[in-house]
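J.: 3D, please:
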Amino acid sequence: MNNRTQFRSEQTSAHKCNFKHLDPAALDALADIVDRLRRSKVSGCFAAQDDWLEALEFPAPVPLLHDPAQALDDKNAVDRFSIALDSLKLAITALSAIQEHILPQKETCESRLASLRIRGGLSSLSDDVLSIILQHASEEENSALSIALGLSHVCRRFRELTLRMPTLWCNIWSYLDIDLVSMLCDRMTKPIAEITFHGVLFIVMARETHQLQAPFLSRIFIRGSRSTLEKPPLEDSLHYYSTWSMPRLTAFFVENFVPIPLLSATSVTEFRLLLKYKRAGDSSEIRTGESLSSLFLFLASCPALKIVTMTIEAFKEFTGFSTSNFADLPTVETLELSFTDCQGSILKTFFRNARFPNVSTMELRVYGWWRDSGRASVQDGLDAVFRNSHTFDRLTHLTLATGSLNQEIPL
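T.: The predicted model follows:
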């Protein structure tokens with residue numbers, strides 16, 4: 001150990017702190033290697049380190065004879081290489097210690113750099129643009145609420161923005177704690193176009209939303225189950241929406257039940273209906289005739305309709321239909337219809353009592369079950385829709401598809 005190393009070793013022993021220390025001898029060994037690389041003809045070239053090792057003069061091979069002079073040369077070479085090996089070991093120790101210390105620093109720098117870039121990017125965005133980004137970030141239907149809650153806890157700016165965005169809090173599920181539901185309602189402080197109630201009982205909705213004032217509501221989607229379609233609950237609870245005041249309502253979408261006329265039906269321009277009945281053979285009583293009568297009453301109450309989309313599956317023979325119900329819909333321009341396994345007589349009744357004289361665009365899909373005379377049911381459906389050559393005088397665009405569940409049925 002040279003005097004410089006000894007002096008630094010004494011300094012290290014006297015210094016007290018919470019950090020690890022490099023052995024001064026190891027630091028000197030590493031410094032010697034760095035100095036060699038710096039003094040190389042080309043700074044940083046490892047040739048200088050190789051030249052240093054070769055300069056230790058490893059003895060040339062000789063016969064293993066009794067030779068005191070050779071033995072002395074070998075002893076001197078052993079001393080040189082021992083010192084070099086100790087120096088290399090110390091340098092490796094220093095490198096390992098340095099690497100152990102600076103790797104976490106590298107990770108810290110990477111993390112802080114990413115944070116600064118994100119912060120710089122977010123700082124450059126106006127509140128309007130950032131609000132759009134936050135809205136898209138929480139569009140996953142099944143986890144939208146948890147994402148919105150997480151975003152509101154990122155920072156003060158995120159919280160202030162999310163609290164001003166009622167669309168983040170408009171998905172309400174039946175399993176939520178009542179205090180959380182109350183909090184969500186409190187956060188909907190601005191007019192909002194759509195509120196979704198998931199899994200909420202009809203009777204609860206009827207009680208809690210009776211005569212609801214919703215002046216900014218523009219779209220409703222109510223989803224019932226197949227059991228709701230086949231065994232409807234009490235009318236007052238099923239049609240709770242009919243008591244709402246919605247002067248700006250433009251779109252009304254329902255699934256597995258037929259709506260009744262609305263107080264705000266005069267502003268509705270788009271109606272979408274999906275009915276999925278069980279196939280023949282089910283013993284439950286289905287009041288399909290009453291459903292068809294209600295459908296005509298609802299359509300007739302919507303004088304501004306422009307788009308009608310209906311998908312109906314397994315609509316069988318019916319009773320209870322009132323032949324006095326008609327729906328003249330001269331404002332409808334686009335008609336999208338899909339009928340699967342529906343009796344031709346039902347379709348004939350529908351198109352005899354519902355008139356669309358000004359439809360210009362129609363998409364029609366008629367499907368039957370191949371093993372159940374699918375070809376005949378498809379042809380009956382087409383005959384019902386196009387019952388005469390003047391049914392759709394203004395039709396300019398027609399998309400037609402027919403088939404069965406297991407193969408196409410040729411026209």
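
J.: Which strands or helices does the longest helix seen in the chain pack on?
T.: Secondary structure of the chain per DSSP state H: the longest helix is helix 68-123. Here helix 68-123 touches helix 24-39, going by 3 or more C-beta pairs under 8 Å, 6 or more residues apart in numbering; DSSP states H and E. C-beta coordinates here come from the backbone N, C-alpha and C atoms, glycine included.

J.: Mind listing what's buried along whichever helix or strand comes after the helix it packs on?
T.: Along the chain past helix 24-39, the next helix or strand (assigned with DSSP states H and E) turns out to be helix 47-54. For helix 47-54, the buried set under the neighbour-count rule, 16 or more other C-beta atoms under 10 Å, comprises A48, Q49.

J.: If you count contacts, what does helix 47-54 end up packed against?
T.: Here helix 47-54 touches helix 24-39, going by 3+ C-beta pairs under 8 Å, 6+ apart.

J.: so for the helix it packs on, what's the average pLDDT?
T.: The pLDDT scores in helix 24-39 average 89.

J.: Now do the spatially closest residue to P357 that is not a sequence neighbour, the pLDDT please.
T.: Among residues not flanking P357 along the chain, P330 sits closest, at 5.6 Å (C-beta to C-beta, 6 or more residues apart in numbering). You'll see P330 listed with a pLDDT of 93.

J.: one step back: okay, buried residues for the helix or strand that the longest helix of the chain is followed by please.
T.: Using DSSP H and E, the helix or strand that follows helix 68-123 in sequence is helix 127-137. Applying a neighbour-count criterion of 16+ other C-beta under 10 Å, one finds L130, S131, L134, Q135 buried in helix 127-137.

J.: other SSEs contacting helix 127-137?
T.: Packed next to helix 127-137, using 3+ C-beta pairs under 8 Å, 6+ apart, are helix 144-151, helix 156-163.

J.: now it, how far from the chain's geometric center?
T.: 15 Å (C-alpha atoms, centre = their mean, to the nearest Å).

J.: any idea of the mean pLDDT in that helix?
T.: 88.

J.: Next, the angle from that helix to helix 156-163.
T.: Counting by axes from the mean of the first three to the mean of the last three C-alpha atoms, to 10 degrees, helix 127-137 lies at 70 degrees to helix 156-163.

J.: can you give me the strands in the stretch 151-300 of the chain?
T.: Ranges of strands in the stretch 151-300 of the chain, per DSSP state E, counting those that start in this stretch, are 171-173, 196-198, 219-223, 251-255, 270-276.

J.: Rebuild those as JSON lines, extending it with mean neighbour count, mean pLDDT and distance to V42.
T.: Formatted as JSON lines, the strands of the stretch 151-300 of the chain follow (neighbours: other C-beta atoms under 10 Å; pLDDT from 0 to 100; distance: least, C-beta to C-beta, whole Å):
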{"stretch": "strand 171-173", "mean neighbour count": "18", "mean pLDDT": "65", "distance to V42": "66"}
{"stretch": "strand 196-198", "mean neighbour count": "15", "mean pLDDT": "60", "distance to V42": "69"}
{"stretch": "strand 219-223", "mean neighbour count": "17", "mean pLDDT": "80", "distance to V42": "72"}
{"stretch": "strand 251-255", "mean neighbour count": "19", "mean pLDDT": "88", "distance to V42": "74"}
{"stretch": "strand 270-276", "mean neighbour count": "19", "mean pLDDT": "90", "distance to V42": "75"}
